[in-house]
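Enquirer: Sequence below, structure please.
(one chain, ligands or ions: 1)
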Amino acid sequence: MRLLRIVLVCLAASFVTVPAFADTFTKGVIKKVDAKKKKVTIIHEELVELDMPAMTMVFKVADEAMLEGLEKGDEVEFIAERENGKLMVKEFKQD
Ligand SMILES: [Cu+2]
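Expert: This next block holds a predicted model:
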């Protein structure tokens, strides 16, 4: 009975402490948009999940529609992920 209680407490704790695999938004400023090539250059802050320091670099996007409305100088927040060795922007968020 006591063991069961310990197991239950551990289970409950794990629900609280295990971080949800929520995607983290990173701040950046758009430097260049190339919709045709599905590329966007972003001056980005540290990408914690990708273990990458702040820098300026080119990201790919899966769909050029994601780049609609984005212009040089825009401040954005975005989620990036590594896909087949390339860095892709998964999602943009703009105020
Ligand atoms: Cu980078």
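
Enquirer: low-confidence ranges in the protein?
Expert: 1-22 (pLDDT under 70).

Enquirer: how about the helix or strand harbouring Thr56 as PDB, C-alpha atoms only?
Expert: Using DSSP states H and E, Thr56 maps to strand 55-61. Output of strand 55-61 as PDB, limited to C-alpha atoms (Å, rounded to 0.1, in the frame of the first residue of the first chain):
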ATOM      1  CA  MET A  55      23.800  35.400 -35.200                       C
ATOM      2  CA  THR A  56      22.500  36.400 -38.700                       C
ATOM      3  CA  MET A  57      21.700  33.400 -40.900                       C
ATOM      4  CA  VAL A  58      19.500  32.100 -43.600                       C
ATOM      5  CA  PHE A  59      16.600  29.800 -42.800                       C
ATOM      6  CA  LYS A  60      14.500  27.800 -45.100                       C
ATOM      7  CA  VAL A  61      10.700  27.700 -44.800                       C
END
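
Enquirer: Quick one: the helices in this structure, in order.
Expert: With DSSP state H as the criterion, the chain has helices at 2-17.

Enquirer: Buried residues of the strand holding Thr56, list them for me.
Expert: For strand 55-61, the neighbour count (16 or more other C-beta atoms under 10 Å) marks 59, 61 as buried. Placement of C-beta: from N, CA and C, glycine included.

Enquirer: And the ion, is it touching that?
Expert: Yes - Strand 55-61 reaches the ion (C-beta under 5 Å from the ion) through 55, 57.

Enquirer: Name every strand pairing with that strand and say which way it goes.
Expert: For strand 55-61, the pairing partners within the sheet under DSSP bridges are strand 39-44 (antiparallel), strand 86-93 (parallel).
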